[in-house]
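Enquirer: Sequence and predicted structure, then a few things I'm wondering about:
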Amino acid sequence: MLNQLDEGISIYDRSGVVARLEDNLQTYFGVRHAVLNSSGTAALYSMYAACGIGPGDEVIVPAYTFFATATPLLHLGATPVLADCDASGNVDPQDISRRITPRTKAIVVTHMWGVPAQIEGLKRLADIYAIQLLEDGSHAHGASVRGKRVGTFGRAAAFSMNGPKPLSAGEGGFVLTDDDEVYHRVLLHGQYNKRCRNEIPGVELGRYAVTGMGLKHRIHPMAAAIALDQLSHLDDYLAGRQRIAEYILGELDDLPGLAVPRTEPEVLPSWYGLTMRYDADAFDEVPVERFHAALQAEGCSELDRPGSTCPLNLLPLFQDPGPLFPALTGKLTYAPGDYPQAEEIHLTTLKLPVWNREEDLPMVDRYIEAIRKVTEHHAELKG
Ligand SMILES: *Cc1c(COP(=O)(O)O)cnc(C)c1O
């Protein structure tokens, strides 16, 4: 990584560490094009712009996702149409199908906490309606369904490589696509001048190469060097996580009132987090806040209740965007209560990190012991 300081810290075209990482991402995912970006948010923004999303379009996005899945749409003048989730916390294809209108330009899916969504069903749905399917793979680098990696099911996919994500650059992101037109337009959106001049053929788009669309989303070469190193370890890292996730699931399986994810054998998650759904009925109605606090007091400091990743209808930006986006006044009027399944899941989710090394097992055991202890003694948390 330090070599990168000598090799170059500004890269204006597809060369050096940028080309090496994009080549390796293309090979890893089996896609024709990868474009690095300064963040996952920027990657999503470029992907949406490149897929022709603009003013007046509706784009169906999960109600339960990190908000950056949807916020770039606001900058394009498009309307995010939120869809509720299924019992797993991923977006529900049936709820999506109810929200399709003649204005629907795309369906977006996030694979929450690294567990793949019902992606094959979503692909069929998108094909039936001839609507483009787009993926936000930011929790799920390397996760797969029947051996096909998430991020390769739709017209394009965007990923974050922010700090804790399964593949990290510190800060960074990328877009994947097999579609040349989308590729060229991603370049025009955020990678102007030299790279566009080198790579965009023909005059129709090529004549805009110098300015592109005027935004600059290039990754920092140091960040690319970090991710290049990480990518070479990703599959080992995911295999380690899978082993520990299976161990935790086996240990927690018999605990009443804490439901863990169930995945089919053909589904391989990336285990960005391991969620437990808290059922207060099984704990004499002890509130989840108190149960969580008791676990933290037992030393489970990394067990958390997701906060900023929450149903989007609970966020002011999606209830009343007018002061920040005047053109959207009256168009986004979501309110608490609109997405019962997403809100219920959000309120009752406790999330464990999934460690990935053998040496982590003693700590995993301490977490499991603490969970068992608090579960057995929950009656003391009442009142
Ligand atoms: C992290 C994340 C993003 C945003 O990525 P940044 O690199 O932080 O801009 C978008 N979507 C999801 C689902 C994320 O988890």
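Expert: Noted; the coordinates are in hand. Residues are numbered from 1 along each chain as shown.
Enquirer: pLDDT averaged over stretch 82-97 - what is it?
Expert: The average pLDDT for stretch 82-97 rounds to 97.
Enquirer: repeat for stretch 315-329
Expert: Regarding stretch 315-329, the rounded mean pLDDT is 95.
Enquirer: And Arg290, its phi and psi?
Expert: phi -70, psi -40 (degrees, to the nearest 10).
Enquirer: And the pLDDT at the spatially closest residue to it that is not a sequence neighbour?
Expert: The shortest distance from Arg290 to any non-neighbouring residue, by Cβ to Cβ, 6 or more residues apart in numbering, is to Leu381 (5.1 Å). Heads up, the C-betas are built off the backbone N, CA and C, glycines and all. Looking at Leu381, its pLDDT reads 91.
Enquirer: ok, how many other residues are close to Leu381?
Expert: Around Leu381 there are 15 other residues, counting by other Cβ atoms under 10 Å.
Enquirer: so how far is Glu285 from it?
Expert: 10 Å (Cβ to Cβ, to the nearest Å).
Enquirer: With Thr349 instead?
Expert: 18 Å.
Enquirer: Same drill for those two, tell me which one is more crowded.
Expert: Set side by side, Thr349 and Glu285 show more neighbours around Thr349, with 22 against 8, by other Cβ under 10 Å.
Enquirer: Could I get the contacting residues of Glu302?
Expert: Contacts for Glu302 (Cβ atoms under 8 Å, 6 or more residues apart in numbering) come out as 352-353.
Enquirer: which SSE is it in?
Expert: Using DSSP states H and E, Glu302 falls within no helix or strand.
Enquirer: Quick one: name the residues of this structure near the ligand.
Expert: Applying Cβ under 6 Å from any ligand atom, we find that the chain lies next to the ligand at 39-41, 65-66, 68-69, 110, 136, 138-139, 160, 162, 173.
Enquirer: one more time with 8 Å, if that's ok
Expert: Proximity of the chain to the ligand, by Cβ under 8 Å from any ligand atom, involves residues 39-44, 65-66, 68-69, 110, 112, 136, 138-139, 158, 160-162, 165, 171-173, 272, 309.
Enquirer: how about the helices in the stretch 151-300 of the chain?
Expert: 180-190, 194-199, 203-206, 221-252, 288-297 (DSSP state H, counting those that start in this stretch).
Enquirer: which ones are touching the residue in the stretch 201-350 of the chain that the ligand sits nearest to?
Expert: Relative to the ligand, the nearest point of the stretch 201-350 of the chain is Thr309 (7.1 Å; Cβ to the nearest ligand atom). If a contact means Cβ under 8 Å, 6+ apart, then Thr309 has 65-67 as its contacts.
Enquirer: The same query, at a cut-off of 10 Å, please.
Expert: For Thr309, the contact set (Cβ atoms under 10 Å, 6 or more residues apart in numbering) comprises 64-69, 110, 112-113, 139, 273, 346, 349, 351.
Enquirer: My guess is Ala342 contacts Ala83. True?
Expert: Yes: using Cβ atoms under 10 Å, Ala342 makes contact with Ala83 at a distance of 9.0 Å.
Enquirer: Report the set of residues contacting both of those two.
Expert: Residues touching both Ala342 and Ala83 (Cβ under 10 Å, 6+ apart): 62-64, 91-92, 95.
Enquirer: Backbone torsions only: list them for Thr375.
Expert: Per-residue torsions, Thr375: phi -60, psi -50 (degrees, to the nearest 10).
Enquirer: Leaving out sequence neighbours, find the closest residue to it.
Expert: Leu255 (5.7 Å).
Enquirer: what about the stretch 51-200 of the chain, any weak spots by pLDDT?
Expert: Scanning the stretch 51-200 of the chain for pLDDT under 70 picks out nothing.
Enquirer: mind listing the strands for it?
Expert: 58-62, 79-83, 104-110, 132-136, 144-145, 148-149, 156-160, 173-177 (DSSP state E, counting those that start in this stretch).
Enquirer: Can you point out the buried residues in the second one?
Expert: So that's strand 79-83. Within strand 79-83, the residues scored as buried using 16 or more other Cβ atoms under 10 Å are 79-83.
Enquirer: now for it, which elements pack on it?
Expert: Applying 3 or more Cβ pairs under 10 Å, 6 or more residues apart in numbering; DSSP states H and E, we find strand 79-83 packed against strand 58-62, helix 71-75, helix 93-98, strand 104-110.
Enquirer: Which other helices and strands does the first one contact?
Expert: Counting contacts by 3+ Cβ pairs under 10 Å, 6+ apart, strand 58-62 is packed against helix 71-75, strand 79-83, helix 93-98, strand 104-110, strand 132-136.
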